[in-house]
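J.: Fold the stuff below for me.
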Amino acid sequence: MRPTEDGHAGWWYTQQTARQILGAQTRPAATRSKRPLPASTIADHTLPSAIIMFKNNVTRLLDSRRVAYQVFTFDYDAGVDSAVKVAEAIGLPPEQVFKTLVVEPEDPNRKPLLAVIPGPDNLDLKALARAARLKKARMATHQRAETLTGLQTGGISPLALINKGFDVYLDARAEAFETIAVSAGQRGANVLLPVADLIKLTRARVVRLE
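T.: Below you'll find the model as predicted:
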């Protein structure tokens, strides 16, 4: 995967820079605000000469809720589906890039769940089952995950599935960061946003999933 330079920050940046709101470990990206930010406010970030504004349902949702965010786009390679590789492509620590896994309860009367965990780690299904009060749970296959969510694997995001019947369980390790990155709802795009806003928007339960 090769990173591109068309990331942009969300509409609701005001006087603070992307570096202040989203932390120091971000790649150069353009910012948008209610009034333009002068170049001197971007700290050591450099604005790209040509900016391609990325918009989809997830970013429109974040704009409508006045959430500060930054989008990172990259060339998606279907042969590389690792969240760690995504982190490398967008220039963030792997443990700050979270992946969204679709989990099915053994009980057919219970709806599927979304588990959002750090990219390098594996999901502890027993821990999730305890948190969700399930007897047993299993990982959905890629095909099944796509059928259940309507999204492609590599692009499954809790932000794209709000009000779609999924309970969201966020690994407690997210709280070690002010911001984390999750998929923006399609392959080749991730969004970095405050953990508190992710929890609020998705109504996620924060639990230990390790």
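J.: which stretches of the chain aren't confidently modelled?
T.: For the chain, the stretches flagged by pLDDT under 70 are 1-52, 78-81.
J.: Break down it into its strands, ranges please.
T.: Assigned by DSSP state E, the strands in the chain fall at 8-9, 70-73, 98-105, 113-118, 137-139, 167-171, 179-183, 189-194, 205-207.
J.: Identify the bridge partners of Ala189.
T.: Ala189 has these beta-bridge partners by DSSP bridges: Thr73.
J.: Okay, it and Glu104: tell me how far apart.
T.: Distance of Ala189 to Glu104, computed by CB to CB, to the nearest Å: 26 Å. Every C-beta, even on glycine, is put in place using the N, C-alpha and C of the backbone.
J.: When those two are compared, which one has more neighbours?
T.: Using other CB atoms under 10 Å as the criterion, Ala189 and Glu104 rank with Ala189 on top: 23 against 20.
J.: Surely that one and Asp75 touch.
T.: No - using CB atoms under 8 Å as the test, Ala189 is too far from Asp75 to be in contact (11.0 Å).
J.: picking up where we left off before, any idea which of the strands of the chain gets closest to Asn56?
T.: Within the strands of the chain, the stretch nearest Asn56 is strand 189-194; the backing value is 7.3 Å (CB to CB).
J.: hang on, the earlier thing: need the strands of the chain in CSV with distance to Leu128, can you?
T.: Formatted as CSV, the strands of the chain follow (distance: least, CB to CB, whole Å):
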stretch, distance to Leu128
strand 8-9, 33
strand 70-73, 27
strand 98-105, 6
strand 113-118, 6
strand 137-139, 6
strand 167-171, 6
strand 179-183, 17
strand 189-194, 23
strand 205-207, 8
